[in-house]
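[1] sequence? don't have it. structure:
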């Protein structure tokens, strides 16, 4: 009887674990609808549902005011979708970095990718490219990827490919690039406000075109990371043990770091530098659901999406009609939690 009871409990627990992502998806979707109604122009949930329904051929006979439609489809819904995609991407990449470096306080930006993107954005602002199509995004993406290639190149010249070498090179480049950005800001004070606001993260000017670029990159990159989740699980017990079990640790490390960095580069090039999501969300997911990377990445994805959705909603409403950098909101939540981790561990 006890064996049957244990089997039944195990089966029920498995069903709950399988249904939890569905529940989180429903909560996230509900949060997106609620966020779409909050702002300088409040929009009733009923109107939002009708407007969304009209995009799928329903409620054609119900008139909706033009200013509601413009506010929803040109301003709020694009940035809500972008906040969900960006938050999910950063959180999953945070889980990858913490797993690969075997350090629960690693952040996705620790390799200097974010600083590299910020350098490209600063150059774009100074040269006046920000008014052009992809004026900031393209230079930010290029410099972020160049930073990644430089890190890998220096590591290859050094002849060491372990994670500690990559980490130290990334930290050094991070400081160097930040110093260059500071010098550019001092020399070009006219663009100081734009550069500073962008480096703190902003979803103000996102569009459907940028979402169309990010979505396939996100799907491909996260698919690759989930594919290597099992190998990363094995690598947690040690490099030598993983190699004896048939895992090419160097190849796996490079693939997941490059994949994560590419995804981070694309997100940062669209949204600016948004910190602490990749630090907090994977850590919370690990505390709640354990260190199995497949499960960790799944729940980090939902937590990151919901966290950035809330942060962006606060950023555009707290000081309305003015807007705060969304990175400042995430930092207000992330910095105390980081201190808590240091105090605890």
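    Yes, it's here. Keep in mind the model is a prediction, meaning the values are calculated, not measured.

[2] What residues sit buried inside the helix or strand that contains residue 185?
    In the assignment (DSSP states H and E), residue 185 maps to helix 163-187. Residues of helix 163-187 classed as buried: 163, 166-167, 169-170, 173-174, 177-178, 181, 184-185 (neighbour count, 16 or more other Cβ atoms under 10 Å). In this view, the C-beta of every residue, glycine as well, is placed from N, C-alpha and C.

[3] And for stretch 231-241?
    Neighbour-count burial for stretch 231-241 flags 231-235 (criterion: 16+ other Cβ under 10 Å).

[4] can you tell me which of the residues you listed are in strands?
    The subset of the buried residues of stretch 231-241 located in strands under the criterion DSSP state E is empty.

[5] of these, closest to residue 60?
    Using Cβ to Cβ, residue 232 is the member of the buried residues of stretch 231-241 that lies nearest residue 60, at 49.2 Å.

[6] pLDDT score assigned to that closest one?
    Here, the pLDDT recorded for residue 232 equals 91.

[7] which stretches of the chain aren't confidently modelled?
    Filtered on pLDDT under 70, the chain yields the residue ranges 1-16, 130-135, 158-162, 345.

[8] Show me the residue at the heart of it, geometrically.
    For the chain, residue 90 is the residue whose C-alpha lies nearest the centre (Cα atoms, centre = their mean; 2.1 Å).

[9] Name the SS class of residue 201, please.
    Counting by DSSP: H, G, I helix; E, B strand; the rest coil, the backbone at residue 201 sits in coil.

[10] For the stretch 151-300 of the chain, which segments count as strands?
    Assigned by DSSP state E, counting those that start in this stretch, the stretch 151-300 of the chain shows no strands.

[11] Let me see the ranges of the helices in it.
    All helices of the stretch 151-300 of the chain, identified by DSSP state H, counting those that start in this stretch, fall at 163-187, 192-199, 208-227, 229-235, 239-244, 249-271, 277-289, 293-317.

[12] Do I have it right that residue 267 meets residue 214?
    Yes - at 7.0 Å, residue 267 and residue 214 qualify as touching, with contact defined as Cβ atoms under 8 Å.

[13] tell me, what's touching the two both at once?
    Counting by Cβ atoms under 8 Å, 6 or more residues apart in numbering, the residues touching both residue 267 and residue 214 are 85-86, 89.

[14] Out of these, grab the one that's most surrounded.
    Within the shared contacts of residue 267 and residue 214, most neighbours by other Cβ atoms under 10 Å means residue 86, with 33 neighbours.

[15] tell me which element that one is part of?
    Using DSSP H and E, the element containing residue 86 is helix 77-100.

[16] Pull out the buried residues from that helix.
    Neighbour-count burial for helix 77-100, with 16+ other Cβ under 10 Å as criterion, is recorded at 77-100.

[17] cool, stretch 138-151 as well?
    In stretch 138-151, counting by 16+ other Cβ under 10 Å, buried: 139-145, 147-148, 150-151.

[18] Kindly report the same for stretch 50-69.
    Buried residues in stretch 50-69, defined by neighbour count with 16+ other Cβ under 10 Å: 50-52, 68.

[19] Contacts for that stretch, please.
    41, 43, 47, 72-73.

[20] All good on my end, thank you.
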